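# pasting the sequence and the predicted model now:
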Amino acid sequence: MSNVEKDPTELRCAASDHGEQVAQVDVLSARDVPLGGPRAMTVRRTLPQRARTLIGAWCFVDHYGPDDVAGTGGMDVAPHPHTGLQTVSWLFSGEIEHRDSMGSHALVRPGELNLMTSGYGISHSEVSTTRTTILHGVQLWVALPEEHRHTGRDFRHYVPRPIRVGGAEVSVFLGSLAGDTSPVRTFTPLLGAELVLEPRSTTTLETDPGFEHGLLVDHGDVRMAGTLLHPAELGYLGTGNTTLTLTNETDTAARAVLLGGTPFEEQIVMWWNFIGRSHEDIVEAREAWQNASDRLGRVDGYDGDRLPAPALPNATITPRKNPTRH
Ligand code: MN
């Protein structure tokens, strides 16, 4: 996924507070963001936003569909760069063709993790296939910590086996939950899982009290630690909780994606598709893309032009932090 907002703001992101003991859930609403390009797909973005920039190292949450691609045209994101992050693609329906500058050519399919590590720099394209009728899924980014943000490019594919916990079917694609562990490496303690909740069921999951969590509801109304979440909302729960109780309040199965991680302690700067630590990092990465540098490489096999970087903001960067929780 590429961040194609016309005037992306530069965000300075900080860790959230520690030691919350109250299971208070913040409800984060999505805003619609058109992806642009030759097709006109719109995504629902819940991270980053003014109220919150990070959940663990998760720093970007886009949710899309179900879209009938005959009507919307589906996804066609031309080659674009990334630095300092990992992209996590997870589909509920449809199929996306991924190509990147380390030579990966992969199909992203429902229930299969595809994780790309940009490290110092990579570029990729993402196009829904002609076989796709309904496109539906999430695109997530993970910030890399300082000691690993210049690591090499990498691409991983993993298919978790769904496990049953109470009234839930759980697919753990990153980290550990409900006794299952993903073998895919992360650079900070992290959790990513799809949950399918039976109608009117309640499930209690054991959680790491050092983790903060976000629950993105795809469909159904789901109560998270007492707070009702509607589709496309992201519920945020801070650290200090050893369990998480989820109730599907609807008469049909509900689906959600649970994200978690230890609060990310470093201040980062996000702009367009880059994560750095300073304005200068962003300027360098942007120049590397505009100059077709080997740092970001070239995507072979995409039919069309690559995405140009937007203009940098003229104004001084406005730092943004996660708000203090009460
Ligand atoms: Mn991307």
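Sure thing, it's come through. Numbers count the residues shown, from 1 in each chain.
# the spatially most central residue of the chain: what's its closest spatial neighbour, skipping adjacent residues?
The C-alpha lying nearest the average C-alpha coordinate of the chain belongs to Leu140 (Cα atoms, centre = their mean; 1.3 Å). Setting aside the residues directly before and after it, Leu140 is nearest to Val88 in space (Cβ to Cβ, 6 or more residues apart in numbering), at 4.2 Å. For the C-beta atoms, the positions are set from N, CA and C on the backbone; glycine is no exception.
# now name the helix or strand holding the one you found.
Assessed by DSSP states H and E, Val88 sits inside strand 85-93.
# so what touches the helix or strand following that strand?
Next helix or strand after strand 85-93 toward the C-terminus (DSSP H and E): strand 96-100. Outside strand 96-100, the residues that touch it by Cβ atoms under 8 Å, 6 or more residues apart in numbering are 75, 79, 89, 104-108, 114, 116, 122-129, 132, 135, 137, 153, 155, 297, 299-302.
# hang on, the earlier thing: can I assume the residue nearest to Leu140 is in contact with Gly137?
No: counting by Cβ atoms under 8 Å, Val88 stays clear of Gly137, with 10.5 Å between them.
# re earlier: please indicate which of the contacts of strand 96-100 are buried?
Neighbour counting by 16 or more other Cβ atoms under 10 Å classes 75, 79, 89, 104, 106, 108, 114, 116, 122-129, 132, 135, 137, 153, 155, 297, 299, 302 among those as buried.
# return the subset of the residues you listed lying in helices.
Among the buried ones among the contacts of strand 96-100, the subset assigned to helices under DSSP state H is empty.
# local confidence estimate at Pro313?
Reading off the confidence values, Pro313 has pLDDT 87.
# any idea how far it lies from the ion?
For Pro313, the distance to the ion equals 21 Å [Cβ to the ion, to the nearest Å].
# so for the longest helix along the chain, mean pLDDT?
When the chain is parsed with DSSP H, its longest helix is helix 279-290. Taken as a whole, helix 279-290 has a mean pLDDT of 95.
# so does that helix get close to the ion?
No: for helix 279-290, no contact with the ion is found by Cβ under 5 Å from the ion; the gap never falls below 12.3 Å.
# contacts for that helix next, please.
10, 80-81, 83-84, 121, 123, 269, 271-272, 274, 276, 293, 295-296, 308-309, 312, 317.
# could you redo the last one with a cut-off of 10 Å?
10, 12, 79-84, 118, 120-121, 123, 149, 268-276, 278, 293-297, 306-313, 316-317 (Cβ atoms under 10 Å, 6 or more residues apart in numbering).
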